[in-house]
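Prediction below, plus the sequence it came from.
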Amino acid sequence: MSTLIEQLRRLLGIPTRRKGPLGWLGHGGHERHQIGWRAERYAAEMLVGRGYHILERNMAIGPGEIDLIAEHDDEIVFIEVRSRAENGMMRPVETVRRKKRGQIGRCARAYLRKRGVTGVRHHFEVAEVYLDERRRPMRLEMVRIALKQSRR
């Protein structure tokens, strides 16, 4: 584990020994929820393979929840996971509307504040999980997004 990862874990209050970053189970619920859980698990597994270190999953904080919080290239990455059929009418990133982007930003700020993290670079990405005809995850694309504050 790199020194930065250890420092981030210490700063964020995350224990070094865990059951594993991919240990979250998505059992039960409606089919739509199960598809979402599979997409989140797939995204986490693929991101670990791409060098991301998963710090948190399904972190409820502030006004909502952040699907994945990771460290990559010395930055904290807040990730919203969205899935769509491969031949869908719109890309998954297009479903993250202004209101949701504002909520992600507020959650990220609340997370950093709660953990007492300052001076660490961070950004936001959408994990686009494309599904095959059986609604199984088959491909992952990452899109960096800019957040705009929603009016509240």
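Yep, it's here. Numbers count the residues shown, from 1 in each chain.

Now do the same for the nearest residue in space to Glu75 that is not next to it in sequence: its pLDDT.
Closest residue to Glu75 apart from its sequence neighbours, by Cβ to Cβ, 6 or more residues apart in numbering: Arg121 at 4.4 Å. Any C-beta I mention is one placed from the backbone N, CA and C, and that applies to glycine too. pLDDT for Arg121: 92.

now swap in Pro63 and tell me
For Pro63, pLDDT reads 78.

How many residues are close by the closest residue in space to it that isn't next to it in sequence?
Spatial nearest neighbour of Pro63, excluding adjacent residues (Cβ to Cβ, 6+ apart): Arg106 at 5.2 Å. Using other Cβ atoms under 10 Å, Arg106 is surrounded by 18 other residues.

Can you name the residues that contact Arg106?
Gly62, Pro63, Gly64 (Cβ atoms under 8 Å, 6 or more residues apart in numbering).

In contact with the second one, which residues?
Neighbour list for Pro63: Gln103, Arg106, Cys107, Ala110 [criterion: Cβ under 8 Å, 6+ apart].

switch the cut-off to 7 Å
Gln103, Arg106, Cys107 (Cβ atoms under 7 Å, 6 or more residues apart in numbering).

Can you give me the distance of Asn87 to His30?
Separation of Asn87 from His30 (Cβ to Cβ, to the nearest Å) stands at 23 Å.

Quick one: low-confidence residue ranges for this structure.
For the chain, the stretches with pLDDT under 70 are 1-3, 5, 12-29, 148-152.

for it, what spans make up the strands?
Remark: strands assigned in the chain by DSSP state E are 53-61, 64-72, 75-85, 122-131, 137-145.

Direction included, what does the longest one pair up with?
Pointing back at strand 75-85 there. Strand pairing for strand 75-85, determined by DSSP bridges: strand 64-72 (antiparallel), strand 122-131 (parallel).

Kindly reformat the ones you listed as JSON lines containing mean neighbour count and distance to Ile54.
Output for those, formatted as JSON lines (neighbours: other Cβ atoms under 10 Å; distance: least, Cβ to Cβ, whole Å):
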{"stretch": "strand 64-72", "mean neighbour count": "20", "distance to Ile54": "5"}
{"stretch": "strand 122-131", "mean neighbour count": "21", "distance to Ile54": "12"}
